[in-house]
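Generate coordinates for the sequence data below:
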Amino acid sequence: MVMIDTMSIPVEHRGFLLKHRDGWKVVHGVKVWFPQNERFGGFQTMHLEGMSASIRAVKRLVDDVLREAEDEHRAYKERSARRKRENPRVRLIVNDTTTPKKTSKTMFDVLEGLGDEDPFPKTAISDQRPKKVKLVLQGAWKNGTPKVDVPKIGDVSNCTISGDWGDESDDE
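Next up, the predicted model:
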C-alpha cells in the first residue's frame, strides 16, 4: 500500500537531500519532494511517498545524509572562522592632513581666487617615434606558403574530363 509520510529537515541541509533524491526513487521507489509553502523558520517539510517498508529504509538513509550534512556544515563554519582569525580584513585609515579654509565674510570673497590659473595650459608634445617591433612569424607563415604547380589556361594535357559540355546528342 502506497503511503505518504513527512519529515521536518533543516533548510541548510536540503541541498544534500536533493543530491540523493533521484537515487532513492530508482533504488527504493520512494518519491521525495519539498513543498514551497511548508517552510517554518529554519526547517522545511519533506514528503516521502512509497511503500511503508521502503519509506522506513529511506528515512534511515535520510538520517545518515543529514548527519553527513551537519558534519560538512560544521567543518565549513570552522574553516570560515579560522580564515577570519588568520587573515583579518585590513581597514584603510586615511588621516585628513588638510587644514580647513577660512570662511569668507562676504559672498564676493569666494570669487577672489578664481581665474588666476591659465585656462589653456601648454602641454609638451614629444617628437619621439614609436619603437620598431620585430615580428616573429609562427606556424605556416614561418616557412612561407608551399609552391603549387598551376596549369596554364591553354594546357589540356592533364584534363581528365571526357565529353563536351555543349554536346547534347545523348539527350535524345
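
Going by C-alpha atoms from here, please, whenever you check contacts or count neighbours.
Fine.

Okay, strands next: where are they in this structure?
Applying DSSP state E to the chain gives strands spanning 2-10, 31-33, 39-40, 43-51.

List the buried residues in stretch 6-16.
Across stretch 6-16, burial judged by 16 or more other C-alpha atoms under 10 Å covers I9, P10, H13, R14.

Which of the residues you listed sits closest to K25?
R14 (16.5 Å; C-alpha to C-alpha).

pLDDT at that closest one, what is it?
Each residue has a pLDDT score; the one for R14 is 86.

thinking again about what came up before, between the strands of the chain, which gets nearest to D71?
The nearest among these, by C-alpha to C-alpha, is strand 2-10 at 13.3 Å.

what bits of this protein have low per-residue confidence?
Counting by pLDDT under 70, the chain shows low-confidence ranges at 90-104, 113, 115-116, 118-119, 121, 123-128, 130, 135-172.

let's go with 80 and repeat that
Scanning the chain with the threshold set as pLDDT under 80 gives 1, 87-172.

now the helices for it?
14-28, 52-86, 140-143 (DSSP state H).

Burial check on K105, number of neighbours?
8 (other C-alpha atoms under 10 Å).

List the residues that contact it.
For K105, the contact set (C-alpha atoms under 8 Å, 6 or more residues apart in numbering) is empty.

Who does V32 form a beta bridge with?
Note on V32: beta-bridge partners by DSSP bridges are L48.
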